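J.: Just need the structure, nothing else, for what follows:
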Amino acid sequence: MYELKTKPNDDSVIAFIETVEHERKRDDAFRLLDIFAETTGYEASMWGSRIIGFGRYHYKYASGHEGDAPLVGFSPGKARFSLYLATGDTRREELLGQLGKHKTGKACVYINKLADIDVEILRALISQSVRFLQETYPE
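T.: All right, here's what the predicted structure looks like:
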């Protein structure tokens with residue numbers, strides 16, 4: 001049976017951010033920590049060794065695959081930040097169109113630095129993601 005590699009743990013979020021080498025990226029990571037925490041109302045926790053997550057939900061797909069994941073989160077990668085925001089809601093695309101300079105992958109939104117985006121739109125994306133996932137996967 002498949003076991004998820006990315007699980008919540010008790011590692012220190014602050015200690016992890018302090019390991020970010022580039023000062024501007026580290027400062028942006030601390031700002032993102034505040035933005036996500038203030039917007040969600042959830043305390044940050046480490047998921048795996050590199051993802052800072054907020055809140056939690058349990059998903060179960062039609063295939064039978066199920067697990068737990070953070071409602072939203074981010075990871076300060078070497079080249080860019082990965083923002084973990086819900087996919088599947090039509091409002092997401094509308095908000096992404098207003099976000100600023102970013103790229104999207106299958107499940108992530110990538111930004112180079114906070115100065116490239118509209119933080120208020122990011123807050124709206126975070127709120128939209130939490131709402132969408134809580135409605136899609138009620139407890």
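
J.: and the nearest residue in space to Gly77 that is not next to it in sequence, how far is that from Ile117?
T.: Excluding the flanking residues, the one nearest Gly77 by CB to CB, 6 or more residues apart in numbering is Arg50, at 7.7 Å. The way it works is simple: take the backbone N, C-alpha and C, and place the C-beta from them, glycine included. Arg50 sits 21 Å away from Ile117, going by CB to CB, to the nearest Å.

J.: cool, Glu18 as well?
T.: 23 Å.

J.: Can you read off the pLDDT for Gly77?
T.: Gly77 is assigned 93 on the pLDDT scale.

J.: typo on my end, it should be Val130
T.: With respect to pLDDT, Val130 has a value of 97.

J.: Return the distance of Arg80 relative to Tyr59.
T.: 26 Å.

J.: contacting residues around the closest residue in space to Leu71 that isn't next to it in sequence?
T.: Using CB to CB, 6+ apart and skipping the chain neighbours, the partner closest in space to Leu71 is Gly55 (3.5 Å). Applying CB atoms under 8 Å, 6 or more residues apart in numbering to Gly55 gives the contacts Thr40, Tyr42, Pro70, Leu71, Val72, Val130.

J.: quick one, phi psi at the residue most central in space within the chain?
T.: The centroid of the chain falls nearest to Gly73 when counting by CA atoms, centre = their mean (2.0 Å). When quoted as degrees, to the nearest 10, the phi and psi of Gly73 stand at phi -180, psi -180.

J.: so it sits right up against Gly48, yeah?
T.: No: using CB atoms under 8 Å, Gly73 is not in contact with Gly48, being 10.2 Å away.
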